[in-house]
Every structure is written in C-alpha cells, then in structure tokens.
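>>> the amino acid sequence is not available; the structure is as follows:
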C-alpha cells in the first residue's frame, strides 16, 4: 500500500544533509512552509543552497535559517524588503552568496528543470549585469539570454489538502511556486492541513499529482487572533 504520509515535520526533514539545495515555496509569507523550516532549523543541516522568491521575513522561517548562518547561497528575485535584516547582515558580511534571478526567469528555470528542458532563451536581463558570462543571441531581432534549469535535492511546499498518494490541492495564492518546485526536486515534502481518503479529491482540482511528491505531513492550521496565534 502506498502511503506517503509522515507523522511529523521533524521526521520528514531528518535526512536533509549539509550542503543540500532546497527549493522553498512561498511568495513572501503566502504559502511559506514555516513548519518544515522550523524543523530544519532544529535538525541542524548547514551549508544550504536555498531557492525562494524572497530572502526571508522577520525572524522566523527562512529568515531564521539565514540568521543562524545555515545558508551558504540563495537564489531569489526579491532579496530585500523592510524586514529582511538577517539577509542584509549576512550578505553584507560576505557570509551569504546571492544569485539574483528575475521573478519570471526564476519560475521558468524551475519549470524547465521539472520538464527536463536543457535551458531557454529569454529577453529578460539582456544587456544588464544579470547576463554577464551567459550565452546571448539575437533572435527575431531581439537580444536574448540563455538561462539554465534550477534543480534541487528537496522542495518544501505548503498545500491545502492531500491524500496518502501525495496528490495535492492548494489554497488560493498560497499555490504560487509550489507546483513547479515539486516537479524540479528529487524529494518533495508537502505540508497539508487535511489528509483526505483516496478519491476524495476531484481529479480536476488536483494541481500537483502524487508522482511528484514523496512525503506528506499533516499540520494544524494556525490563525491569528487578538490574543496571538493559535491552532484552528
């Protein structure tokens, strides 16, 4: 019987080694798998390469990993915002390498990895520092830059519902990078707020098929109230 459910986030990330490349879903805090990141922080893996749209917010999640000195390199499109102080400190001190990738290129490079495409040409970044050292061509009269796929050892994503086979649905904009990252990683770990019986998910609503998911971790939904954060 195929059953990809894992009892805890700690168990799900226990085998992540030092130096791993990890894709982390989320756009800012929307769809960020905070519980998996907290478990990874406790697990202790270091020298990590992270692929995410942002470079952490505040003092939790990805920001906590960066602040603890556990991230060697980050590939992202929006590294700085008002609460990115951990990234700012580590980057300015020379302890964190940054590969800045325009957001569309980031999504397409991840998608290319999942689709088995060897790379693609895009006009985004042509004639800028982002094209330095990369192959360029003029195609249909327009400058283009060759971009390579981004692969990962692990993808950490947050979904809404899933079954024991790993079929997933998402909640609105929390979907963002999750589906393409699931396709581009050797091991995809997804948190879900509800594990449903096989057949309970409408096949037309499944966004990420279970073939791309190796571990499913049920988590409590947390809501913010006037008194703080609590489980729903």
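Looks like it arrived, so ask away. This one's a predicted model, so the numbers in the text were calculated from it and none came from an experiment.

>>> please make it C-alpha for all contacts and neighbour counts, starting now.
OK.

>>> ok, now how distant is the residue of the chain most remote from its centre from residue 148?
The centre of the chain is farthest from one residue, residue 141, which by Cα atoms, centre = their mean lies 35.1 Å away. If you measure residue 141 against residue 148 using Cα to Cα, to the nearest Å, the figure is 22 Å.

>>> for residue 173, same thing?
26 Å.

>>> for residue 203, report the pLDDT, please.
If you check residue 203, the pLDDT there is 94.

>>> enumerate the positions of the longest helix that the chain contains that are buried.
Among the segments of the chain that qualify as a helix by DSSP state H, the longest is helix 103-115. By 16 or more other Cα atoms under 10 Å, the buried positions in helix 103-115 come out as 103, 105, 106, 107, 108, 109, 110, 111, 112, 113, 114.

>>> just name the closest of those to residue 95, please.
Using Cα to Cα, the shortest approach to residue 95 within these belongs to residue 106, at 22.8 Å.

>>> and the pLDDT for the closest one?
At residue 106, the predicted lDDT confidence score is 96.

>>> was I right about it contacting residue 76?
Yes. Counting by Cα atoms under 8 Å, residue 106 does reach residue 76; the two are 7.3 Å apart.

>>> what touches both of those two?
Shared contacts of residue 106 and residue 76, defined by Cα atoms under 8 Å, 6 or more residues apart in numbering, are found at residue 53.

>>> can you pull out the helices in the protein?
According to DSSP H, the helices that the chain contains are 9-12, 34-43, 62-67, 85-92, 103-115, 178-184.

>>> of those helices, flag the one that's most buried.
Neighbour counts averaged per stretch over the helices of the chain are highest for helix 178-184, at a mean of 26; criterion: mean count of other Cα atoms under 10 Å.

>>> from the chain's centre, how far out does it sit?
In terms of Cα atoms, centre = their mean, to the nearest Å, the centre of helix 178-184 is set 8 Å apart from its chain centre.

>>> show me where this protein dips below the pLDDT cut-off.
Judged against pLDDT under 70, the low-scoring parts of the chain cover residues 223-232.

>>> repeat the analysis, applying 90 as the threshold.
1, 28-29, 56-58, 79-84, 220-232 (pLDDT under 90).

>>> residue closest to the middle of it?
residue 24 (1.8 Å).

>>> of residue 173 and residue 148, who's got more company?
For residue 173 versus residue 148, the count of surrounding residues by other Cα atoms under 10 Å is larger for residue 148: 18 against 11.

>>> thought residue 116 was touching that one, still the case?
No. The pair formed by residue 148 and residue 116 falls short of the contact definition of Cα under 8 Å, at 11.0 Å.

>>> so in terms of bridging, what pairs with residue 27?
The bridge-partner assignment for residue 27, based on DSSP bridges, gives residue 30.

>>> might you report the residue contacts of it?
With Cα under 8 Å, 6+ apart as the criterion, the residues that contact residue 27 are 53, 54, 174, 176, 177.

>>> check residue 86 too.
Residue 86 is in contact with 56, 58, 59, 63, 64, 66, 67, counting by Cα under 8 Å, 6+ apart.

>>> for residue 192, give its distance to residue 148.
With Cα to Cα as the criterion, residue 192 and residue 148 are 31 Å apart.

>>> same question for residue 208.
23 Å.

>>> and the end-to-end length of stretch 29-45?
Taking Cα to Cα, stretch 29-45 runs 22 Å from one end to the other.
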